[in-house]
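S.K.: Got a predicted structure plus its sequence, pasted below:
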Amino acid sequence: MQFPVAADLLWSVRRAAGSAERPGPAAAGGRRALMAGTDEDAMSGQPVQRRTRSVAIGSVVIGGGAPIAIQSMTTTTPDQVGASVRQIAALAAAGCHLVRLAVPSPRAARALPALRRALADEGLAVPLVADVHFNPAVALLAAPHVEKLRINPGNFAATPRAARRPLSELIAALRERGAALRIGVNHGSLPDALTARLGHGPPALVRAAIDYLLLSQELGATALVVSIKASNPALMLEANRRLVRESPPAIADIPIHLGVTEAGLGRDAVLRSYAGLAPLLLEGIGETIRISLTGDPVAEIDACRRLLDAVPVVRRPRPRSAQRAAPGPARLALALPNASPPPETPSPTETEGDAIPVEVLLPARRGDPPESPTHADAAIAAWRHWLRAAGFSRAAQAPLGHTSELPDDRWPRLSPDHDRAAVELTTCLIEGAADGLIVPIDPGPRPDARQLAAAITADLGFADALLQATRRRLSRAEFISCPGCGRLRFDLEATVRRLQRRFGQFAGVKIAVMGCVVNGPGEMADADFGYVGAGPNRVDLYVGRRAVERGLTAREAERRLAERIRTHIETTGIEQRPASGR
């Protein structure tokens with residue numbers, strides 16, 4: 001049986017989202033914008049980008065059919081001039097188009113002219129974006145020295161009415177400079193008055209964005225960009241779709257910046273971002289993107305470029321019926337080939353693949369009735385022996401199924417191109433268009449045992465990460481962590497890796513590691529536990545949104561977190577993943 005490539009399932013996803021256009025090639029190399037299209041574009045599979053106004057950010061144009069711009073953020077503040085120049089130079093060399101810096105204080109704002117001079121001395125002309133929270137006066141100080149300024153409706157002022165005067169002053173300063181304003185709404189820091197009325201879901205996120213956009217435009221701002229972000233990709237996805245649907249005509253053409261906040265470390269964080277961004281890009285939503293990763297921000301640029309390169313090559317899908325609105329848990333299956341296993345087996349080692357819960361599917365054979373497949377087969381026994389010897393004991397002992405037992409339109413197979421698979425499969429999984437993933441074993445004409453074992457390990461690990469990122473199956477602990485910025489209070493990357501080693505084996509436990517209080521407590525609403533920087537070498541512990549212990553040292557915080565996780569596991573009965581897992 002030929003299982004579908006994931007793109008075959010995407011048309012139904014688009015229909016369920018209320019979009020009539022089919023995803024297809026964005027442009028050569030993934031960098032040209034998805035243009036506002038014609039009927040011919042729609043028929044050819046070209047995504048039809050919504051029409052937006054053009055907003056100039058220095059030399060970079062966002063919207064209006066311009067290329068999708070890549071953004072990142074330094075882990076420094078402007079008063080750290082040398083370190084900031086080095087990071088900005090590295091980001092620019094990697095292909096970053098806009099660089100944002102946290103500006104947390106008047107001192108940091110007053111250092112912007114010196115930073116600009118130092119950048120000019122290095123021949124760097126990257127447009128700068130100031131990120132300001134809590135203090136409109138700091139935003140006003142920064143405005144004359146940047147190409148764009150981001151404010152957060154959750155902490156700029158208590159209400160839009162209270163924001164009118166400081167926002168008017170800020171917009172006047174930005175217009176004099178010729179700079180843009182981003183209204184950046186974060187799930188982690190919504191206004192209290194709004195959440196009391198609308199809760200913490202998409203309606204509140206969209207209302208916060210629309211209120212500030214309408215007010216900003218009334219006060220004379222035209223160079224506007226908007227973003228709605230959350231650490232939960234599904235929440236971010238629905239909020240941005242809702243923003244497009246519900247924006248009044250006066251602000252419906254404002255460019256959208258896409259991102260998933262607090263995504264975390266490495267591959268898991270990249271895939272979590274893909275789960276939020278890829279479906280929107282396939283629908284023509286998004287004029288600029290960031291993939292937030294904990295650690296060196298340069299890694300974000302490669303992740304963004306790979307996403308933009310993969311989106312255009314998604315194959316034009318065939319129409320299918322609408323899918324379920326609320327997807328349930330997904331499964332993972334390893335499909336055995338008709339070919340025999342390699343005659344040799346590699347030395348057994350503890351592998352990531354051995355720790356992943358997986359089913360095993362028998363191959364279709366000519367003459368096998370689908371309702372009564374032949375399970376007692378010498379080739380099957382040989383594969384089980386080979387898998388066990390190669391270190392895949394879980395797969396070797398897994399229950400056997402058959403390809404004919406699975407609906408072929410809801411079980412996509414993993415393709416060798418993982419970048420493309422990430423776009424296709426995260427979209428299918430997060431939208432509920434797939435019930436599970438199939439990892440096919442392909443030994444090739446001259447199988448090499450060591451290479452085949454490595455390929456199976458890589459594919460199973462990648463498929464498991466896709467299920468984890470889209471929250472369709474949590475087979476280990478989930479960590480979310482902020483990317484780090486100038487507000488960072490401790491060594492975030494080292495802390496996350498340490499906590500992952502200690503607690504990563506507990507399936508389904510969600511742990512948030514945040515560098516500061518700007519978005520930390522709010523973004524942890526989706527987590528069981530939170531570890532938040534509260535000052536130099538000081539940590540606050542949270543359960544959900546509630547702070548339970550404050551001002552702990554890092555060692556005390558980790559010990560108390562371990563105690564709370566143990567209690568949580570005892571009361572919930574969470575399964576511990578085998579120690580050989582990540």
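M.R.: Received the coordinates, thanks.

S.K.: Kindly state the pLDDT recorded for residue 405?
M.R.: Per-residue confidence at residue 405 stands at 76 (pLDDT).

S.K.: any idea how far it lies from residue 453?
M.R.: For residue 405, the distance to residue 453 under the criterion C-beta to C-beta, to the nearest Å works out to 27 Å. Backbone N, C-alpha and C define where each C-beta goes, glycine included.

S.K.: Neighbour count for those two, which is higher?
M.R.: In terms of neighbours (other C-beta atoms under 10 Å), residue 453 is the more surrounded of residue 405 and residue 453; the figures are 24 against 12.

S.K.: For residue 552, which residues are in contact?
M.R.: For residue 552, the residues meeting the contact criterion (C-beta atoms under 8 Å, 6 or more residues apart in numbering) are 538, 539, 540, 541, 560.

S.K.: If you rank the residues you listed by neighbours, which is first?
M.R.: Counting neighbours by other C-beta under 10 Å, the top entry in the contacts of residue 552 is residue 539, with 27 neighbours.

S.K.: what about that residue, which helix or strand?
M.R.: Secondary structure here is read from DSSP states H and E; on that basis residue 539 sits in strand 538-543.

S.K.: In whatever helix or strand comes next after that strand, which residues are buried?
M.R.: Using DSSP H and E, the next helix or strand after strand 538-543 towards the C-terminus is strand 546-552. Along strand 546-552, the positions that meet the burial threshold by neighbour count (16 or more other C-beta atoms under 10 Å) are residue 552.

S.K.: repeat for stretch 270-278
M.R.: Residues 270, 271, 272, 273, 274, 275, 276, 277, 278 are the ones in stretch 270-278 that count as buried (16+ other C-beta under 10 Å).

S.K.: The closest residue to residue 116 other than its chain neighbours: neighbour count?
M.R.: With sequence-adjacent residues excluded and distances taken as C-beta to C-beta, 6 or more residues apart in numbering, residue 116 is closest to residue 145, at 6.2 Å. Other residues within reach of residue 145, judged by other C-beta under 10 Å, total 21.

S.K.: again, but for residue 204
M.R.: Neighbour count of residue 204, defined by other C-beta under 10 Å: 20.

S.K.: Identify the residues contacting it.
M.R.: Contact criterion C-beta under 8 Å, 6+ apart gives 190, 194, 195, 197, 198 as the residues in contact with residue 204.

S.K.: helix, strand or coil for the fourth one?
M.R.: Read that as residue 197. Secondary structure for residue 197, judged by DSSP: H, G, I helix; E, B strand; the rest coil, is helix.

S.K.: Excluding sequence neighbours, find me the nearest residue to it.
M.R.: The nearest residue in space to residue 197 (C-beta to C-beta, 6+ apart) is residue 204, at 7.8 Å.

S.K.: so how far is the helix or strand where that neighbour lies off the chain centroid?
M.R.: Per DSSP H and E: residue 204 is located in helix 202-218. Average the C-alpha atoms of helix 202-218, do the same for its chain, and the two points are 23 Å apart (C-alpha atoms, centre = their mean, to the nearest Å).

S.K.: same deal with stretch 265-272?
M.R.: Averaging C-alpha coordinates over stretch 265-272 and over its chain gives two centres that are 7 Å apart (C-alpha atoms, centre = their mean).

S.K.: export that stretch as PDB, just CAs?
M.R.: In PDB, the C-alpha atoms belonging to stretch 265-272 read as follows (Å, rounded to 0.1, in the frame of the first residue of the first chain):
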ATOM      1  CA  LEU A 265      16.000  24.600  22.800                       C
ATOM      2  CA  GLY A 266      17.100  22.900  19.600                       C
ATOM      3  CA  ARG A 267      15.000  20.700  17.300                       C
ATOM      4  CA  ASP A 268      12.000  20.600  19.600                       C
ATOM      5  CA  ALA A 269      11.800  24.400  19.700                       C
ATOM      6  CA  VAL A 270      12.200  24.700  15.900                       C
ATOM      7  CA  LEU A 271       9.400  22.200  15.300                       C
ATOM      8  CA  ARG A 272       7.100  23.900  17.900                       C
END
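
S.K.: residues in contact with that stretch?
M.R.: Contact partners of stretch 265-272, identified using C-beta under 8 Å, 6+ apart, comprise 233, 260, 263-264, 291-295, 303, 422, 426, 462, 465-466, 468-470, 479-481, 493, 496-497, 500.

S.K.: try it again with 7 Å
M.R.: Under the contact criterion C-beta atoms under 7 Å, 6 or more residues apart in numbering, stretch 265-272 has outside partners 233, 260, 263-264, 291, 293-295, 303, 422, 426, 465-466, 468-469, 481, 493, 496.

S.K.: for stretch 222-241, same thing?
M.R.: Under the criterion C-beta under 7 Å, 6+ apart, external residues in contact with stretch 222-241 comprise 17, 55-56, 62, 180-187, 201-202, 205-206, 209, 213, 216-217, 243, 254-262, 272, 275-276, 279-280, 285, 430, 480, 523, 526.

S.K.: and that stretch, which residues are buried?
M.R.: Within stretch 222-241, the residues that qualify as buried by neighbour count (16+ other C-beta under 10 Å) are 223-241.

S.K.: Just the endpoints, please. Distance across that stretch?
M.R.: Terminal residues of stretch 222-241 lie 22 Å apart, using C-alpha to C-alpha, to the nearest Å.

S.K.: Kindly state the pLDDT recorded for the residue nearest to residue 197?
M.R.: The per-residue pLDDT reported for residue 204 equals 96.

S.K.: go on, residue 17?
M.R.: Listed pLDDT for residue 17 reads 41.

S.K.: returning to what we had before: hmm, which of the contacts of residue 204 are the buried ones?
M.R.: Taking 16+ other C-beta under 10 Å as the criterion, what is buried in the contacts of residue 204 is 190, 194, 195, 198.

S.K.: so who does the second one touch?
M.R.: For residue 194, the contacting residues are 204, 207, 208, by C-beta under 7 Å, 6+ apart.
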